[in-house]
Every structure is written in C-alpha cells, then in structure tokens.
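**Q** structure of the sequence below:
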Amino acid sequence: MNSKLRTSLFMLFTVTVSCSGFASSDPLIGQWKTIDDRTGYSLSDVIIQKDKSNHYSAKIIDVRAVPGAYLNTVCEKCSGANKNKPLVGMTTLSGLTLNPEKNNEFIDGTFLDPVTGQQYPARARLGNHGKHLIIRGSKDGSAVGRNITWVKN
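**A** This next block holds a predicted model:
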C-alpha cells in the first residue's frame, strides 16, 4: 500500500471516529428503559434521538406487560391519529430542548402517556450521572401530573 493511500485511509478513520465520539457524547441520545411511576415496572424500551433543530424525541422500540397483566400493544385510549395505533414505533416524547440555563435540564416537550392516552407538556432532568432521566408531565403547570423515570441501557 502506498503512503498516500495509507495517509488518506488514516485521515478517514480519524474523522469517522471523531464524529462518532462527538455524536455519542450527548447524554440523552440512546436507548432507555421506561419505569412506570404507578407500578415500578418497566413497561417499554425507547430510543431518544435529536433532530437538526436540536429537538429530542423518543420512540417506543419494545413493550412489556406488568407481571400478571394484559400486554397492551396498541394505544387504545389515545385520540386522534394515535387511536389504536401500535405502541412500537409510536413517539411518546417530542419537542424537548436543552434548557439554556441548566445543562442537565430539558424543557418545552410533549409527553404522550400510552397507558392513559393523555398528552402532557413535559420537562426533564438528567440524574444519577446521566443514567436516569426524570420526566415531569403536568397540565397547565398544575402540581398534579406524572413523574416518569427512564433508565439508560
């Protein structure tokens, strides 16, 4: 192999590794296990991605039943376009952006609870050194809402 080709391959490898390292440094991007605040069981796995506008969204990639309960695979209680749609592939968290004032907080999202079909304005906070994502969904700033914890896989 001539030195020019070897140098080109080395540079391509270096750029590829640098870019993949940069992309994976975002603590939100990746696969998460959802933990239901009511039962304490993991109901699904989601994958969080970021779009070109720096908005995060999460899609369900796997669902599980609470032991002894019915495995729900469609959003029976959802309304509109999500009514009776499969849970796998459904977006449950969208529009989340990094809070410019706090590095581990995210704001302005929307959370869809596939169990109840309810949609909530959402914010989130990373905890436990980026291993937990605590999502707070509440209507109209009310104290009543949902606290959902996701654990990074």
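
**Q** can you give me the helices in the protein?
**A** In the chain, the helices defined using DSSP state H lie at 3-23.

**Q** in it, where is pLDDT below threshold?
**A** Along the chain, the model assigns pLDDT under 70 to residues 1-24, 141-142.

**Q** what's stretch 85-97 in contact with?
**A** Surrounding stretch 85-97, the residues in contact under the criterion Cβ atoms under 8 Å, 6 or more residues apart in numbering are 28, 44, 46, 48, 54-63, 72-75, 78, 82, 106-114, 122-124, 135. (Glycine included, C-beta is placed from N, CA and C.)

**Q** list the buried residues for stretch 80-89?
**A** 82, 87 (16 or more other Cβ atoms under 10 Å).

**Q** what do you get for stretch 58-66?
**A** Quick answer for stretch 58-66 (16+ other Cβ under 10 Å): 58, 59, 60, 63.

**Q** between these, which sits nearest residue 148?
**A** Among those, residue 58 lies closest to residue 148 (Cβ to Cβ), at 10.7 Å.

**Q** need the contact list for that closest one.
**A** 32, 46, 47, 48, 49, 91, 92, 93, 94.

**Q** now, which of the residues you listed sits nearest residue 40?
**A** residue 32 (16.1 Å).
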